[in-house]
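Student: Task: produce atomic coordinates for the following.
(chains A and B)
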Protein chains: 2
Amino acid sequence: MNVHAKPQKNSVKTAPETVTTGPIIGSRKIYVAPPEHPEMRVPFREVQLTTDAEPPVRIYDPSGPFTETDVKIDLNQGLPQPRRAWLDALGFETVPGRIVTAADNGHISADQLVPACPAERPILEARPGQMATQYEFARAGIITPEMIYVAHRENLGRAAMLEGARERHADGESFGASVPEFVTPEFVRSEIARGRAIIPANINHPELEPMAIGRNFLVKINANIGNSAVTSGAAEEVEKLVWAIRWGADTVMDLSTGRNIHNIRSWILRNSPVPIGTVPIYQALEKVGGDPIKLDWEVFKDTLIEQAEQGVDYFTIHAGVRLPYVPLTASRVTGIVSRGGSIMARWCLAHHKESFLYERFDEICDIMRKYDVSFSLGDGLRPGSIADANDRAQFAELETLGELTKVAWDKGCQVMIEGPGHVPMHKIKENMDKQLRECGEAPFYTLGPLTTDIAPGYDHITSGIGAAMIGWFGCAMLCYVTPKEHLGLPDRDDVKVGVITYRIAAHAADLAKGHPAAKIRDDAVSRARFDFRWEDQFNLALDPDTARSFHDETLPKDAHKVAHFCSMCGPKFCSMKITQDLRAEVLAMGDNERAALEAMAGDQAAAQIEQQKLGMAAKSEEFLKKGGNLYLPAAE
Amino acid sequence: MNVHAKPQKNSVKTAPETVTTGPIIGSRKIYVAPPEHPEMRVPFREVQLTTDAEPPVRIYDPSGPFTETDVKIDLNQGLPQPRRAWLDALGFETVPGRIVTAADNGHISADQLVPACPAERPILEARPGQMATQYEFARAGIITPEMIYVAHRENLGRAAMLEGARERHADGESFGASVPEFVTPEFVRSEIARGRAIIPANINHPELEPMAIGRNFLVKINANIGNSAVTSGAAEEVEKLVWAIRWGADTVMDLSTGRNIHNIRSWILRNSPVPIGTVPIYQALEKVGGDPIKLDWEVFKDTLIEQAEQGVDYFTIHAGVRLPYVPLTASRVTGIVSRGGSIMARWCLAHHKESFLYERFDEICDIMRKYDVSFSLGDGLRPGSIADANDRAQFAELETLGELTKVAWDKGCQVMIEGPGHVPMHKIKENMDKQLRECGEAPFYTLGPLTTDIAPGYDHITSGIGAAMIGWFGCAMLCYVTPKEHLGLPDRDDVKVGVITYRIAAHAADLAKGHPAAKIRDDAVSRARFDFRWEDQFNLALDPDTARSFHDETLPKDAHKVAHFCSMCGPKFCSMKITQDLRAEVLAMGDNERAALEAMAGDQAAAQIEQQKLGMAAKSEEFLKKGGNLYLPAAE
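Tutor: Below is the predicted model:
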């Protein structure tokens, strides 16, 4: 166990050495086989409580083998390959693959070159006519191993956990989602078949632990990593991935630009248990020296194949940025803020031609289908400020993304749709509703949205608010925002804060949607809190380390972790302590006495209900008299 | 200017010395007189921009004289008294006041006693039959100086600012609120007269800069301070206040318990420009040695008078915790989590008697009216966990608070209502709607609510989500939660993070409600961002220091603050840069060319609208066929 290992600095020329490993304190990794599939090992994190009265709490766990106890990780070997046998069974063609060129790594000099990851995998592609994507299998009525795995993963073993719970049923408002009580492999298949969910799973990514993105599954989050202008070493980049998934990122986008990116990507993919997404236009732009005008279909296509062969699971493709939409952005407060969007807009305008991504969309589908790379249709015209939210440019692009979704489905591809950005609270639901309508319920994947522009330095919070809301309304995956957004590059702490904030948003959304298992963890925390089981409260927290250290700042002694009070109120003023005494007293009451008191409460409530009914009737009459204006102040 | 001065530690026995003073970097304090009231000095913070093309941005500023340039603060003298002349003009009776007893300061030994603040103020109370409260004046049709002051303060000088703005009108969904385009003194009066707003303003708090709490005004936030079990020195306590209002707390609750609290409260009040709230039952409990069962009306009444004479502006009174409701909490996951609520529940059950706060409510009103202390009707049965949200105990109490609101109004008092606590997103609106209905639109003042229980250490975020939402729905004031909630006592950094998070929530709510001036600041930030005016972006931020330091971590050189790119993408990949070039290109287009492109976009949109109409008609027919079930998945 090596929890606090830091990646080595200046490791560009040396082989990568170490990443963070070992369980999150207070948890242990478990693997559980789905019914009738004893060979499958579906990962969970389990928190054992200090009381015998409650079962352990099982938590969804995207962190991969890195959080196993006493795990040995060798980045050179890459991770174990849970999908290997499944992929082998499908008989894909093994191809020599595209030849890696100097341009792929940004023409870096030999002494600065990061070697590729030595872990060898066959490069697979679908034979002509051969089914390759989860969408194609689903449409054909075939349940894949990935679907079985995902079903078990999403269930969180809730049958057993709900057994011990006081309340079996969650409530919630799901805005038309269809979250089932239990997830079956057939349910996963049907969701994928109707385009309502995806399992991003490139056939060249055997290390993947499959996961689903769709509004009838747990809300997922994505974290971005990347080297930006200055190249980092491979171990540093893998550590960014490991760190993000440790705290709960479900997918990771590698937004690297500059040098060594092909080789570093190989280290990331061979060591990633989560789907990896990229924006291929970034690398294509590098290949033409950074000038958007020099981009063309050939260099883009070459980049798609390059990255698909490496195993990238989803591509952001900004095919909705069409020539006629570009002028719509001219009067915006913040113009075009998507990098990919601005690159394509520049290209369209300079050539005065329709986007080659739009025009060649069929061909892009054909390439991506062969490897089952999922589409993440990019929102190149997303608003970059409150002022530009829900404007004509944004929605024109969204309508085009809806059109392209149907094309991609016809071609057999899996699709999700990217969304904004910066949106005030009252305009969030319109985004979700329009996306569902235009894109036939394909999963929505939004960046935030930020609900105000006035808090640079705290945009994980401005956007966490919007993310929780849009997650509730039906968004399937939330792309995190760190405190450094708009200001600088996130460091390790920023990444952790961003991931935890988005886990909060996703979980708050699951609760509000009425996800059957979401409340189990909240209730376990609350019972631990009420019972002064401090260690359980820490261990069940999204971030046990921070919870524990905050507690210890004020009350560091070990004895206080079993104390029946805390630092906020001290022993005398503790409401939890007083209320425990109370509860004992109420429970010790005679039945008659308690019933009499409760009847008093009930009578009062009943009397008030009567009053209200009278009031409501009067109000209703008044309402009709005034012409039925829905926006009268409530007191009138 | 002494921005980074820290309060002296271990200052219990010495006179207080220093608190944080000086403007927030990049801002200056200004005082502006309302029309026709040249003697009034209404405070604002103004951010001067680096461009001549835009007017300075005026910001609501609760920080008081402490943020003036070169201000000299002498805590012994107390602050200037903007209300002195107004209060003198009313001819209240000056009374000798209640005699301070040893019990008021917790029977502390002489050598540990913090001396009272030497700033002398007359102790005022209303003569029998004399009007004293803002509510009474408002009902009598009288516009008070406080109302004039508040009207000007709420307007933010927006007439001038909107002059220069590109878009004059905000949009929004206010859920039945009636936010006016401009706030007039008469509007303030009418809002107070109908109970929909309060100006907490004890006649013994002449240092107050008046402010309004109500859903048709800017959403306000409260920060809690307090010494808890271990006594702090007076300067330390005043510094907590100064620090909280520096970052934007609109009111401050002093939740101190233990020793020296009477004397420390005198330092706080004489040096507070914001309303101070307290929970008198805490001090009453101290006076009876900490045993709830020993509480009685006399000691409580004595405490009310003690604190009212000192100038406390609002009291939390848990008069809704009635005997019959106590058993309703016995089966909760977290019982009673309000300190005041658990104290009163214990009292009721031990004596098997109805709460003396409920039974003596008339008398409480009579006392509070004499000083214009506003009610903050406490939610002693608020839920302490997601599991307990919106349960019978909570709502039974809320109904009683509605009944008491009407009593308090009849008695001439100002009233607001406290609310939860822990509520999942889908149950938040029900809280707001029920509060408006039960309490006749009296202002709602909620703690969060926290939208999940699983993130101790991050409860400023779990609750900031709920706070933004309930603020949007109509909540008038949001009580902050710091990262240390549930775990320990907040330090200086925690208080700042809590306040900034809640400023985000309040502002996001103002934006979503369509507050006419809220968007001005967002747009100014966004334009600064798009124009690479880094200094303006920092200075307009809620926390300029953090924004600047985050930027400098990655790009520390001064040159980068005028650079036309940032560290995230580097010069080559900057979407803002590309889009600026684009904008120039679009603007340079011939009119015909641009019109042709925009027509293409329009035509496509029109075609799609047609398609949609067809789709909608078909869908509508299908919908009716299926029996009109509203919860069909959207894609069917």
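
Student: tell me which parts of the stretch 351-500 of chain A are close to chain B?
Tutor: A:384-388, A:392, A:396, A:399-400, A:424-426, A:436-437, A:440-441, A:451-458, A:460-462, A:464-465, A:468-469, A:472, A:483-484, A:486-489, A:491, A:500 (Cβ under 8 Å from any Cβ of the partner chain). All C-beta atoms are positioned from the backbone trio N, CA, C, and that covers glycine.

Student: Grab the nearest non-local neighbour of residue A:304.
Tutor: Nearest in space to residue A:304, with sequence neighbours left out and distances taken as Cβ to Cβ, 6 or more residues apart in numbering or on different chains, is residue A:367 at 5.1 Å.

Student: And what about that neighbour, helix, strand or coil?
Tutor: Secondary structure, DSSP: H, G, I helix; E, B strand; the rest coil: residue A:367 is helix.

Student: And for residue A:174?
Tutor: Per three-state DSSP, residue A:174 ends up coil.

Student: How many residues are close by it?
Tutor: Residues contacting residue A:174 under the criterion other Cβ atoms under 10 Å in any protein chain shown number 19.

Student: Next one: it from chain B, what distance?
Tutor: 8 Å (Cβ to the nearest Cβ, to the nearest Å).

Student: nearest residue to that residue other than its sequence neighbours?
Tutor: residue A:513 (4.6 Å).

Student: give the contact list for the one you found.
Tutor: A:172-175, A:177, A:179, A:219, A:472, B:426 (Cβ atoms under 8 Å, 6 or more residues apart in numbering or on different chains).

Student: how does it look with 7 Å?
Tutor: A:172, A:174, A:177, A:179, A:472 (Cβ atoms under 7 Å, 6 or more residues apart in numbering or on different chains).

Student: Give the buried residues for stretch A:365-374.
Tutor: Under the neighbour-count criterion of 16 or more other Cβ atoms under 10 Å in any protein chain shown, stretch A:365-374 has A:365, A:367-374 buried.

Student: that older thread, what score does the residue nearest to residue A:174 have for pLDDT?
Tutor: On pLDDT, residue A:513 comes in at 96.

Student: Also residue A:597?
Tutor: 75.

Student: need the contact list for it.
Tutor: By Cβ under 7 Å, 6+ apart, the neighbours of residue A:597 are B:323-324, B:327.

Student: The stretch 251-400 of chain A: strands as residue ranges?
Tutor: A:251-254, A:276-278, A:314-317, A:374-377 (DSSP state E, counting those that start in this stretch).

Student: residues making contact with the second one?
Tutor: The contact list for strand A:276-278 (Cβ under 7 Å, 6+ apart) reads A:251-254, A:268-269, A:307, A:312-316, A:376.

Student: cutoff 10 Å now
Tutor: Contact partners of strand A:276-278, identified using Cβ atoms under 10 Å, 6 or more residues apart in numbering or on different chains, comprise A:200, A:202, A:205, A:207-208, A:222, A:224-226, A:241, A:251-256, A:261, A:265, A:268-269, A:303-304, A:307-308, A:310-316, A:373-374, A:376, A:416, A:445, A:479.

Student: Check the offset of it from the chain's centre.
Tutor: Computed by Cα atoms, centre = their mean, to the nearest Å, the separation of strand A:276-278 from the middle of its chain amounts to 12 Å.

Student: what ranges do the helices span in the stretch 401-550 of chain A?
Tutor: A:428-438, A:459-473, A:492-513, A:518-530, A:534-540, A:544-554 (DSSP state H, counting those that start in this stretch).

Student: list the buried ones in the last one?
Tutor: Buried residues in helix A:544-554, counting neighbours by 16+ other Cβ under 10 Å, are found at A:544, A:546-548, A:550-552, A:554.

Student: Then the fifth one?
Tutor: By neighbour count on 16+ other Cβ under 10 Å, the buried set for helix A:534-540 is A:534, A:536-540.

Student: what sits against the residue most central in space within chain A?
Tutor: Residue closest to the average C-alpha location in chain A (Cα atoms, centre = their mean): residue A:221, at 1.5 Å. Counting by Cβ under 10 Å, 6+ apart, residue A:221 touches A:62, A:244, A:247-251, A:445, A:467, A:471, A:477-480, A:498-507.

Student: Equivalent analysis for residue A:471, please.
Tutor: Taking Cβ under 10 Å, 6+ apart as the test, what residue A:471 contacts is A:215, A:219-221, A:432, A:444, A:446, A:477-478, A:502, A:505-510, A:512-513, B:425.

Student: change it to 8 Å
Tutor: A:219, A:478, A:505-506, A:508-510.

Student: Domain ranges for chain A, per the record?
Tutor: A:28-516, A:519-588, A:589-625 (the TED database).

Student: where are the low-confidence patches of the stretch 151-300 of chain A?
Tutor: Across the stretch 151-300 of chain A, the ranges flagged by pLDDT under 70 are A:160-169, A:228-232.

Student: That one: helices as residue ranges?
Tutor: A:158-164, A:185-193, A:234-246, A:261-270, A:280-287, A:297-310.

Student: Save those as CSV, and put in mean neighbour count too.
Tutor: Converted to CSV, the helices of the stretch 151-300 of chain A look like this (neighbours: other Cβ atoms under 10 Å in any protein chain shown):
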stretch, mean neighbour count
helix A:158-164, 14
helix A:185-193, 22
helix A:234-246, 25
helix A:261-270, 25
helix A:280-287, 24
helix A:297-310, 20
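
Student: what about these, which gets the closest to residue B:334?
Tutor: Within the helices of the stretch 151-300 of chain A, the stretch nearest residue B:334 is helix A:158-164; the backing value is 18.0 Å (Cβ to Cβ).
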